[in-house]
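1. got a structure for you, letters missing:
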Ligand SMILES: Cc1cc2nc3c(=O)[nH]c(=O)nc-3n(C[C@H](O)[C@H](O)[C@H](O)COP(=O)(O)OP(=O)(O)OC[C@H]3O[C@@H](n4cnc5c(N)ncnc54)[C@H](O)[C@@H]3O)c2cc1C
């Protein structure tokens with residue numbers, strides 16, 4: 001044992017796995033990858049190689065809820081780059097944020113843990129995947145969950161007729177209502193990522209003989225045999241140090257399977273660099289086509305978020321932490337250190353309001369009192385899934401970081417991120433180049449489908465109405481910072497043109513990237529089958545949010561873990 005905290009995390013360098021053979025090679029130790037690698041390596045007779053682009057970063061600081069959710073922190077594990085111009089949003093370029101660290105998104109996200117609606121999975125079943133109905137996936141959610149008792153609270157939404165959802169993760173949770181959200185926080189008020197939950201240091205150390213974890217290692221490509229016979233089998237994985245200056249390539253042999261867990265933006269990149277993807281795109285980059293699979297990187301789906309922000313007194317906002325005198329910051333730090341309390345212990349989001357379009361009046365501001373909060377089970381799943389989520393946040397929720405710092409960093413800001421949960425808009429992930437260090441070109445396609453606009457309008461109108469209600473109830477809202485409509489008094493009076501202009505100016509990613517290697521038949525832009533096997537490849541699966549047949553109507557990390565639990569079982573069965 002080494003001073004002061006015991007043995008270090010057993011991170012290996014890429015050269016240590018060179019020329020060795022492994023039963024399973026897991027590419028990416030993110031949210032799903034950590035869960036999957038943990039389950040596969042439970043069997044002491046199985047060898048697993050995990051290749052992760054980022055470090056383990058196994059530090060105490062990385063578990064402080066608020067601090068670890070700050071995606072702008074240089075050492076937090078988040079990286080960002082500009083997306084391609086958003087055609088339907090004034091050609092703006094939003095920032096793409098993703099995690100490059102063990103635990104992936106679950107290390108840097110806002111810690112909300114929601115399964116989504118039971119009807120989301122019944123909808124997957126209705127789309128042709130009967131083994132992914134809610135009944136079928138429920139045991140895999142339960143396997144990785146442990147719920148602690150937390151005090152519940154509510155807000156003005158109740159006064160507007162929304163009921164309180166006592167447990168959003170219950171199978172019969174109403175589709176419309178306001179809920180306190182489950183979060184991945186321990187009894188000790190520390191973040192529990194999938195890295196902490198599935199591959200903590202003790203587990204990684206105890207399995208060192210059969211589980212090799214190479215960090216700061218980027219996968220370059222998967223090498224196949226059997227191309228001439230049309231029987232493609234992954235034989236080797238080629239990888240290198242994540243240090244761009246390092247040139248040497250290393251190789252590991254695959255005995256059973258390769259499982260790509262590189263996330264909705266990373267998995268298409270790994271597949272395309274391996275020659276699996278849309279023929280024309282691969283040829284454009286001079287990549288030999290191993291299998292023409294047009295679905296790879298197509299169909300990228302993301303919830304569309306529109307931030308509506310108000311100025312509030314500094315003490316009501318997270319800006320209170322950054323603008324407070326040094327002494328206040330030190331006090332907060334010691335409160336957390338000794339008592340695990342104070343502002344640092346609080347997750348960034350704890351509450352959400354969910355609603356279906358069918359439950360709202362035409363202008364989106366009134367709840368139909370006569371519509372039941374949950375449609376009967378006999379109704380099609382689609383009609384039982386919420387269309388809108390309003391996320392109250394104590395920050396500006398802007399994706400324009402420069403504007404955020406210029407306008408909002410010194411004042412108190414409260415916002416509602418008005419979110420479209422079942423968008424028809426689709427984007428793409430494509431190679432920017434064949435350099436594996438380059439980030440992929442991400443076209444979000446936000447609002448590319450005009451049918452998303454009415455939902456976006458309703459979400460914004462409802463947020464404005466809620467802001468009005470909160471002000472009337474005594475919440476100290478000072479002024480609207482982002483939306484200054486002609487009529488300040490009556491939210492319902494905003495013209496459609498005003499709203500649409502605002503939406504196009506502000507719409508942004510919610511970082512809920514999904515469906516870019518989706519489960520569907522090959523001729524319907526599908527990439528994997530119902531057992532997550534890539535079409536036409538004998539021993540390659542994809543396991544992360546990219547395989548969702550359709551985006552779920554809530555936050556994505558819980559379904560990512562569920563997919564990993566299932567994938568581990570599929571791999572073990574075969
Ligand atoms: C800022 C932010 C806040 C969010 N908030 C929430 C929230 O509160 N609740 C929620 O449920 N969801 C939230 N999400 C979304 C959620 O975290 C993600 O959808 C989920 O974590 C994705 O899991 P994944 O396994 O698909 O991919 P990831 O967790 O992104 O894992 C992919 C991993 O693959 C690695 N990788 C990529 N390419 C390569 C390569 N070539 N070689 C080796 N490794 C590679 C990456 O480094 C990464 O570690 C948030 C996301 C972000 C970015």
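-> Received the coordinates, thanks. Being a predicted model, the structure only gives us computed values, none of them experimental.

2. contacts, neighbours, all on C-alpha from now
-> OK.

3. spatially nearest residue to the one residue sitting closest to the centre of the chain, not counting backbone neighbours?
-> In the chain, the centroid-proximal residue (CA atoms, centre = their mean) is residue 512; its distance is 4.1 Å. Once flanking residues are discounted, residue 512 sits nearest to residue 302: 5.2 Å by CA to CA, 6 or more residues apart in numbering.

4. where does pLDDT dip in the stretch 201-350 of the chain?
-> For the stretch 201-350 of the chain, applying pLDDT under 70 flags the ranges 319-330, 333-334, 336-341, 345.

5. hmm, the residue nearest to the centre of the chain is touching residue 300, no?
-> No: Residue 512 lies out of contact with residue 300 (CA atoms under 8 Å); the separation is 10.0 Å.

6. all strands of the stretch 1-150 of the chain, in order?
-> 20-27, 48-51, 78-82, 95-99 (DSSP state E, counting those that start in this stretch).

7. tabulate those strands (JSON lines), appending mean pLDDT.
-> Listed next are the strands of the stretch 1-150 of the chain as JSON lines, based on pLDDT from 0 to 100:
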{"stretch": "strand 20-27", "mean pLDDT": "98"}
{"stretch": "strand 48-51", "mean pLDDT": "98"}
{"stretch": "strand 78-82", "mean pLDDT": "96"}
{"stretch": "strand 95-99", "mean pLDDT": "96"}
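
8. can you put those strands in JSON lines and add distance to residue 483 and mean neighbour count?
-> Output for the strands of the stretch 1-150 of the chain, formatted as JSON lines (distance: least, CA to CA, whole Å; neighbours: other CA atoms under 10 Å):
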{"stretch": "strand 20-27", "distance to residue 483": "43", "mean neighbour count": "23"}
{"stretch": "strand 48-51", "distance to residue 483": "45", "mean neighbour count": "27"}
{"stretch": "strand 78-82", "distance to residue 483": "25", "mean neighbour count": "17"}
{"stretch": "strand 95-99", "distance to residue 483": "21", "mean neighbour count": "21"}
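
9. using a markdown table, please lay out these together with distance to residue 499.
-> Converted to a markdown table, those look like this (distance: least, CA to CA, whole Å):
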| stretch | distance to residue 499 |
| --- | --- |
| strand 20-27 | 43 |
| strand 48-51 | 46 |
| strand 78-82 | 25 |
| strand 95-99 | 23 |
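
10. picking up where we left off before, quick check, the residue nearest to residue 512 in contact with residue 551.
-> Yes: using CA under 8 Å, residue 302 is in contact with residue 551, at 7.4 Å.

11. can you list residues touching both of those two?
-> Common neighbours of residue 302 and residue 551, counting by CA atoms under 8 Å, 6 or more residues apart in numbering, are residue 514.

12. picking that back up, CSV please, covering the strands of the stretch 1-150 of the chain and showing distance to the ligand.
-> Shown next, in CSV, are the strands of the stretch 1-150 of the chain (distance: least, CA to the nearest ligand atom, whole Å):
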stretch, distance to the ligand
strand 20-27, 5
strand 48-51, 5
strand 78-82, 7
strand 95-99, 5
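
13. to residue 111, which of those strands lies closest?
-> Nearest of the strands of the stretch 1-150 of the chain to residue 111, taken as CA to CA: strand 95-99 at 13.6 Å.

14. within its sheet, name the partner strands of the closest one and how each one runs.
-> Taking DSSP bridges as the criterion, strand 95-99 forms sheet pairs with strand 78-82 (antiparallel).

15. show me this protein divided up by domain.
-> 1-147+182-299+427-440+513-574, 151-180+301-426+448-506 (automatic domain parsing).
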